[in-house]
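*Asks:* Please work out how this folds:
(2 chains)
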Amino acid sequence: MKTTNPILVLMRCVTAALCLFAITQPALAQDAAKAPRKDLALKGDAVCTRCHGVDDEYPVLAIGQTKHGTVADKRTPTCTSCHGSSETHINRPAGVTERPKPTIVFNKKGSTQPEAQNQACLTCHQGGKRTHWQTSLHASRDTTCVSCHQVHTGHDKVRDKKDQAQVCYTCHKEQRAQNQRPSRHPIPEGKVTCSDCHNPHGSAGTKNMVRDSVNETCYTCHMEKRGPFVRSHQPVQEDCTICHNPHGTTTPNLLKARPPFLCQECHEPTGHRGNPGAFTTGAPTGTTASNLLARGCVNCHTNIHGTNNPTSASGGRSLRR
Amino acid sequence: MNKHARLTLKITAIAAAVAAACGPAWAAEDDDVKALTKPQSNIEFGIGYTSNDSKRFGQYNGFNQDGGYGLLGGNLIKRDDETGTWMSLSGSNIGLDTQQLRFEHNRQGDWGYYLEYDETPRFNPYTVNTGLSGIGSPVQTINGVGRRNVDLDTVRETITLGFSKIMDGGLDFQARFRNEEKDGSRQWGQGGAPVNFLTEPINQTTSQLDLVLGYTGQKLQLTGGYYGTMFNNHNAFLSIPGSPVFTQMALPPGSQSHQLHLAGGYNFSDTTRGNFKVAYTRQTQTDQFFSSPPQLNTRTDLGGKVNTTLLQAGITARPLPKLTLLGNFRYDDRDDQTTIAQYVAAGPLTDGNNEPRSVRTTAGKAEASYALPDNMRFIGGIDFAEIRRNTSPVRIVSYRAKTDETTYRGELRRSISETLTGSVGYLYSVRDGTPFITTTNLNGTPGSNLIAPIHLADRVRNKIRITANWQVTEPLSLQFRLDDSHDNYAQRASSTLGPQNGTTRTYAVDASYAFDEKWQASAWYSRDEINYDQLQRGLANPYQVKISNVGDAFGLGVRGKPYSWLDVGADLSYQDITEENRQQALAGAATEVIPDIATKLTRAKLYANYMVKKNVTLRGTYIYDRYNSNDWTWNRWTYSDGTTVNAAPIQEAHFFVLAVNYKF
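*Replies:* This next block holds a predicted model:
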């Protein structure tokens, strides 16, 4: 991003004047040339920041605002820790018109292979939540760390709850549309983010879930659904996504389809269960009336995830009380 | 390097010039560099105004009622560069229903702790007109008061406390405790005949504790620890005195779990790495039953016990420069060891016992990726998943003990040039399993054996995915994506009923264009379709249902910085969703024609950030939100007790924000 911050405008003007002054003061300029360059953001970055300032095509100084730029932490990198020694980039060989690229270039179209780009990050970041990176779908599809992360900025969008989803939508178009459905998680409001459920760096669970399974992940917020119950509903215990699409739906409560049709995907056509969808305006007279209206089947089978009612009375077995 | 960059005077040139000019100017340069390299704090305050009530717009953001809202937020950060110690206090929407606050203090690379508070509301998008009294409490009376309009909502208040310590030898320790209080009322009910409106009184506490000890070495990384959860429902049941249906309704029981886990990875060489995870979880549910005789056993609680074992191992290797191999194995055994006892009187469809549900999944994956000439790469893989489930002796839904699914997939990826990349992928999967268990009633007579449930049925899936990313010119980039998936379900041997076939498609086109360094625009369009057919039978007559859900969505965005002191932008998104439920009798009386549900969602946002001073910005935002739907779900319905639920078909909101952002 190009910056035309007023600070910089001011700096340019001041600098132009000072340069002119400096040129006319040769003795002082010679003294300055002898002075060692200062590191500006990272350890040993002077050799890079002599060319790469904030207003450059590749602005770099904002890295100083980040964890990477906290030089008191001895683990923090130098420029060449990540970009490689880049000798020919720093000292352009004689006779070469175009300055060679750094050893490791972090972008999609660079000469550096995705695996090599990622390895530069994994050198320090392999452990913890990134232990399973190499077997993740993201890794095997050439997703690089910088496909999602911005390193040279104080604000990495993907680590901001309000902005993260937009980064994920860069590739996940289906979820972009679903997350705007009438029934959805509060993702646009930044109250739930993709990484609340998924670990994009890989996990031992299916679909990069942050916990070991889909259900265990859902239970982190919806623990009242886990039971076990006196009377349980089999698909609830197996996989929440049999009935729900967590990314968004038209039917309320993230249901994949509207009851009774959703329920009829499994239930036998005995009694009222196989009845076609029906409207009956006004008060319903029984279980079979108005099975499309209000909450459909769940009007009566209200404890649909399971009930802990121990009594021997009607309605317990059918998840109605 | 572009023209702009070439014309730019570098920071270090400033340094040199300043050094050459005069000593005092060094300080000024240092200040400028500091401003660029030091963490910045900011405070933002202002007002928001919503022009009218909109339950849809305010469902999660809390701006659901017209009027003004005070806005306060910010991020105060201090870093001691000598020690690498950070202290930060951040907050957003402070004082509002969605407020969030976080305090963090750490010495980077050594120790740290944080405390976070977060509120997440959910305002029910409907208005309920009911005579139900006691809403919000565990004792409710149907028509206990005269009917009036009621708005329902829930709120989650979460406090998270975290601590971390990095130790010598590559060891680190992390602890996290998260406690969430969820309170409020949720739309509920009870039925049979009649069907009455109730609300679920929510007063629940969910706690999670994570303790993780980690080791990070050059070759070996390990994490191991404890993950404990506790769910406590402060309302055991809902009492409805005088209800003609049920006078007591069970509410979710409390439960707890304790997990020990160990995960790790090992670099066997530069090109070979393995990883694994083992975890054992013991979950129990021993909430006291609420008193409600008669009961057929003497138990005072369920004695629920579920032991879950996870074993996972994966490996990636690059035996040849062009060949990468990947293998993964996963075993997840949810063993429900809950005590079996009789709770309900036996009948034709039940033996009255509770039904523990065990599920054991064994899955594997093998994948090879090979680099071909012309910047092409082929990825081929086979996935396998076996799911075993237990079942009770008497059932009302068809069942099979095991399903197996094998997936074959191939993908060709190609970088045609530095500016054009694409991929074509194809997936074919087959799911089958052991024979369906014949459903019999308790008295031995045959039960209904007509439906193969959708998650158990034999299924063949064909899926294709095409993607392309094209940097057409320096300022113009395009992105295409197509997903097309077809499912065909097999039916029971004796029946044609049940799921038939399904299709999902997604098409998406994205474009972005940079007019110059000051102005950029983006646009996208996507269409997603879900189609699904099933056959059912009401009484004796079969009928077909064709379900379709099609969404067309597009978005436009413009960003500009016409002057150094002004940022402006505009976003527009529109979504048109049509839900069809077409049913047709195949014999006997005609079925009802179900009207389509069309929903149109529009959101426009305009913003401008005006830099008053280099550290003071005036921020103005306007949001227009419109919900338009002919959804008949609630508007044609009246509960037996007379309760109605109103879903306004058109809801609009104009939301204005004027705020000042001060950086320091």
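*Asks:* can we go C-alpha only for contacts and neighbour counts from here?
*Replies:* Will do.
*Asks:* separation between B:Asp596 and B:Glu579?
*Replies:* 6 Å (Cα to Cα, to the nearest Å).
*Asks:* Please say which of those two ends up with more neighbours.
*Replies:* A direct count of neighbours by other Cα atoms under 10 Å in any protein chain shown for B:Asp596 and B:Glu579 places B:Glu579 higher, at 23 against 16.
*Asks:* For that one, which non-adjacent residue is spatially closest?
*Replies:* Of all residues beyond its chain neighbours, the one nearest B:Glu579 is B:Asn549 (4.5 Å), with distances taken as Cα to Cα, 6 or more residues apart in numbering or on different chains.
*Asks:* any idea which helix or strand carries the one you found?
*Replies:* strand B:541-563 (DSSP states H and E).
*Asks:* again with A:Asp196
*Replies:* Mapping A:Asp196 onto the secondary structure by DSSP H and E places it in helix A:194-197.
*Asks:* so does that helix get close to chain B?
*Replies:* No: applying Cα under 8 Å from any Cα of the partner chain, one finds helix A:194-197 separated from chain B by no less than 13.4 Å.
*Asks:* how much distance is there from that helix to the middle of the chain?
*Replies:* Relative to its parent chain, helix A:194-197 has a centroid offset of 7 Å by Cα atoms, centre = their mean, to the nearest Å.
*Asks:* Please apply the same query to stretch A:298-312.
*Replies:* The gap between where stretch A:298-312 is centred and where its chain is centred comes out at 37 Å by Cα atoms, centre = their mean.
*Asks:* So is that stretch next to chain B?
*Replies:* Yes: counting by Cα under 8 Å from any Cα, chain B is contacted by stretch A:298-312 at A:Asn299, A:Cys300, A:His301, A:Thr302, A:Thr307, A:Asn308, A:Asn309, A:Pro310, A:Thr311, A:Ser312.
*Asks:* Check what contacts that stretch and list those residues.
*Replies:* With Cα atoms under 8 Å, 6 or more residues apart in numbering or on different chains as the contact definition, stretch A:298-312 has outside contacts at A:225, A:227-233, A:236, A:259, A:287, A:316, A:318-321, B:188-192, B:195, B:249-253, B:289-290, B:292-296, B:302, B:343-345.
*Asks:* Return the subset of those residues lying in helices.
*Replies:* Secondary structure assignment by DSSP state H places A:Val236 of the contacts of stretch A:298-312 in helices.
*Asks:* ranking the residues of stretch A:298-312 next to chain B by neighbours, who comes first?
*Replies:* Sorting these by how many neighbours each has (other Cα under 10 Å) puts A:Asn309 first, at 32 neighbours.
*Asks:* Name the SS class of residue 44, please.
*Replies:* If you meant another chain, say so; for now it's chain A. With DSSP: H, G, I helix; E, B strand; the rest coil as the basis, A:Gly44 sits in coil.
*Asks:* and what of the one 4 residues further on?
*Replies:* Using three-state DSSP as the criterion, the local structure at A:Cys48 reads helix.
*Asks:* can you tell me which residues contact it?
*Replies:* Taking Cα under 8 Å, 6+ apart, one finds A:Cys79, A:Ile90 in contact with A:Cys48.
*Asks:* How about B:Asn42?
*Replies:* With contacts defined as Cα under 8 Å, 6+ apart, the neighbours of B:Asn42 are B:Gly74, B:Asn75, B:Leu76, B:Asn661, B:Tyr662, B:Lys663, B:Phe664.
*Asks:* Tell me how far it lies from A:Asn215.
*Replies:* Relative to A:Asn215, and taking Cα to Cα, B:Asn42 is found at 40 Å.
*Asks:* quick one: strands adjacent to the helix or strand harbouring B:Asn307?
*Replies:* When secondary structure is defined using DSSP H and E, the element that contains B:Asn307 is strand B:304-320. For strand B:304-320, the paired strands and their directions (DSSP bridges) are strand B:272-285 (antiparallel), strand B:323-336 (antiparallel).
*Asks:* before we move on, back to that, only the buried subset of the contacts of stretch A:298-312, as a PyMOL command please.
*Replies:* Buried residues within those, as defined by 16 or more other Cα atoms under 10 Å in any protein chain shown, are selected in PyMOL through the command that follows:
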select buried, (chain A and resi 225+227+228+229+230+231+232+233+236+259+287+316+318+319+320+321) or (chain B and resi 188+189+190+191+192+195+249+250+251+252+253+289+290+295+296+302+343+344+345)
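*Asks:* From A:Arg159, how far off is A:Gln65?
*Replies:* Here the criterion is Cα to Cα. By it, A:Gln65 lies 15 Å from A:Arg159.
*Asks:* Look at those two and report which has more neighbours.
*Replies:* A:Gln65 (22 against 16).
*Asks:* Please state the backbone phi and psi of the more buried one?
*Replies:* Dihedral angles of A:Gln65 (phi, psi; degrees, to the nearest 10) stand at phi -80, psi -10.
*Asks:* go on, A:Ile63?
*Replies:* phi -60, psi -20.
*Asks:* Leaving out sequence neighbours, find the closest residue to B:Asp80.
*Replies:* Beyond its immediate neighbours in the sequence, the residue positioned closest to B:Asp80 (Cα to Cα, 6+ apart) is B:Trp86, lying 6.5 Å away.
*Asks:* residues near the one you found, how many?
*Replies:* The local packing of B:Trp86 (other Cα under 10 Å) involves 19 other residues.
*Asks:* Bridge partners for it, pull those for me.
*Replies:* For B:Trp86, the beta-bridge partners are B:Arg79, B:Asn106 (DSSP bridges).
*Asks:* Equivalent analysis for the one 4 residues further on, please.
*Replies:* Here B:Ser90 shows beta-bridge partners B:Asn75, B:Arg102, assigned using DSSP bridges.
*Asks:* ok, it - contacts?
*Replies:* Shown here is B:Ser90, whose contacts under the criterion Cα under 8 Å, 6+ apart are B:Gly73, B:Gly74, B:Asn75, B:Leu76, B:Leu101, B:Arg102, B:Phe103.
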